[in-house]
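Chemist: Sequence isn't available, so here's the structure alone:
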């Protein structure tokens, strides 16, 4: 796997934490953690976007972040489990994975020419 895609996945992981932080932060420490997660998340996404197609990077970032945030809310904060919501998230993830699979990296495009 390309290290740039790993950056996108790690960025999405940190996105989950900053989204949760925006909702639940209540003191200077939780707000500081939220800001740090925002910085790490966007830095990694921007670095990956320099080598990968930006539209695909953003779609993967948002799709994985959305799925992670919804699952975190269910697991950590007692949000109700709704089958239709889970099916729609699964559909979102299938679309994101499909988009990643059909998108060539810039390095691959140069090698194919």
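Modeler: Yes, it's here. None of these values were measured; they are calculated from a predicted model. Residues are numbered from 1 along each chain as shown.
Chemist: Report the residue spans of the protein with pLDDT below the cut-off.
Modeler: Scanning the chain for pLDDT under 70 picks out the ranges 1, 105-113.
Chemist: Tell me which stretches of it form helices.
Modeler: Remark: helices assigned in the chain by DSSP state H are 3-24, 28-49, 54-77, 83-102, 106-112.
Chemist: Mind putting those into CSV with mean neighbour count?
Modeler: Placement of C-beta: from N, CA and C, glycine included. Conversion of these to CSV gives the following (neighbours: other C-beta atoms under 10 Å):
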stretch, mean neighbour count
helix 3-24, 18
helix 28-49, 16
helix 54-77, 17
helix 83-102, 12
helix 106-112, 10
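Chemist: now residue 41, nearest residue through space, not along the chain?
Modeler: residue 14 (3.9 Å; C-beta to C-beta, 6 or more residues apart in numbering).
Chemist: scratch that, residue 80
Modeler: residue 74 (7.6 Å).
Chemist: In contact with residue 33, which residues are there?
Modeler: By C-beta atoms under 8 Å, 6 or more residues apart in numbering, the contact set of residue 33 is 17, 21, 25.
Chemist: Between the residues you listed, which sits nearest residue 100?
Modeler: Nearest to residue 100, judged by C-beta to C-beta, of the contacts of residue 33 is residue 17 at 22.4 Å.
Chemist: Return the distance of the closest one relative to residue 5.
Modeler: Applying C-beta to C-beta, to the nearest Å, the value for residue 17 to residue 5 is 20 Å.
Chemist: same deal with residue 101?
Modeler: Residue 101 is 11 Å from residue 5, by C-beta to C-beta.
Chemist: what does residue 79 give?
Modeler: 29 Å.
Chemist: Not counting its neighbours along the chain, what's nearest residue 17?
Modeler: Per C-beta to C-beta, 6+ apart, closest to residue 17 is residue 37, 4.4 Å.
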